[in-house]
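J.: With the input below, show me the fold.
(chains A and B)
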Amino acid sequence: AQTVTQSQPEMSVQEAETVTLSCTYDTSENNYYLFWYKQPPSRQMILVIRQEAYKQQNATENRFSVNFQKAAKSFSLKISDSQLGDTAMYFCAFKRTGANSKLTFGKGITLSVRP
Amino acid sequence: DTEVTQTPKHLVMGMTNKKSLKCEQHMGHRAMYWYKQKAKKPPELMFVYSYEKLSINESVPSRFSPECPNSSLLNLHLHALQPEDSALYLCASSQVFRGTLSPLHFGNGTRLTVT
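T.: All right, here's what the predicted structure looks like:
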């Protein structure tokens, strides 16, 4: 079974600064997908960024980038130039390949951006 | 704006009531999901439909009854619920491509309170 660990329950960052959210996972699979989802108080789960395990290049989406270390099974999210709208709960998630494979979530981390 | 629409946004029901949650998507996705989420916790998978057929049931109590009338609609029928069933219920959809990255798109959820 796959597990996803987010060991930090809460973090805080000053507006305009950079913050890194950590995530580790455990799997025996070689091919899989990793995701970061954001859930603001409006409660919709929004996909922030995704990474395919066979791609060595780290994914980036505007101010969001990941540091994917496959051997270490680590998938951290870096948020640059933090904005107040980044305040949310962030979930790291793992998915095996296959049409009916389940999405396994970590426990989540609450990020607060201070003005 | 979300591409997965859930109604109602809020629902309060007694333990003897029968109610239904509705979910609709028009992205052509052929997989649809129900998740249950307690406050400050990750979503827990309940059911998965693939091509309108139930493919995953995570041992959910029979007081929750899913239905997928067509490829765009997903319902969750509720009957004789318990107060501990109070939670945010999230619907999601995705493509069904074996071996291909297919992230889930979530709706805004229905906040259910059982009295």
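
J.: Could I get the contacting residues of A:K102?
T.: A:K95, A:R96, B:L45, B:V48, B:I56 (Cβ atoms under 8 Å, 6 or more residues apart in numbering or on different chains). Where you see a C-beta, it was placed from the backbone N, CA and C, and this is true even at glycine.

J.: one more time with 6 Å
T.: Counting by Cβ atoms under 6 Å, 6 or more residues apart in numbering or on different chains, A:K102 makes contact with B:L45.

J.: cool, and A:Y32?
T.: For A:Y32, the contacting residues are A:A53, A:R96, by Cβ under 6 Å, 6+ apart.

J.: excluding its backbone neighbours, what's nearest A:D26?
T.: Closest residue to A:D26 apart from its sequence neighbours, by Cβ to Cβ, 6 or more residues apart in numbering or on different chains: A:T3 at 4.7 Å.

J.: Give the burial count for the one you found, as a bare number.
T.: A:T3 is flanked by 12 other residues according to other Cβ atoms under 10 Å in any protein chain shown.

J.: before we move on, what about the one 3 residues further on?
T.: Applying other Cβ under 10 Å, we find 19 residues neighbouring A:Q6.

J.: just checking, it touches A:K107?
T.: Yes: the pair A:Q6 / A:K107 is scored as a contact, 5.4 Å apart, by Cβ atoms under 6 Å.

J.: Let me see the backbone angles for A:K107.
T.: Dihedral angles of A:K107 (phi, psi; degrees, to the nearest 10) stand at phi -70, psi -20.

J.: That one: neighbour count?
T.: 16.

J.: Tell me which residues touch it, please.
T.: A:K107 neighbours (Cβ under 6 Å, 6+ apart): A:Q6.

J.: do that again at 7 Å, thanks
T.: Residues near A:K107 by Cβ atoms under 7 Å, 6 or more residues apart in numbering or on different chains: A:Q6, B:P42.

J.: Now do it against A:T3, distance only.
T.: Using Cβ to Cβ, to the nearest Å, A:K107 is found at 11 Å from A:T3.

J.: burial of B:R111, as a residue count?
T.: B:R111 sits with 16 neighbouring residues when counted by other Cβ under 10 Å.

J.: That one sits in which helix or strand?
T.: strand B:110-114 (DSSP states H and E).

J.: quick one: contacts of that strand?
T.: Strand B:110-114 is touched from outside by B:6, B:8-13, B:15, B:21, B:81-83, B:85-89, with contacts defined as Cβ under 7 Å, 6+ apart.

J.: Contacting chain A as well, which ones from those residues?
T.: B:L88 (Cβ under 7 Å from any Cβ of the partner chain).

J.: just the buried members of the contacts of strand B:110-114?
T.: Burial by neighbour count, 16 or more other Cβ atoms under 10 Å in any protein chain shown: within those this picks out B:Q6, B:L11, B:M13, B:L21, B:L81, B:D85, B:S86, B:A87, B:L88, B:Y89.
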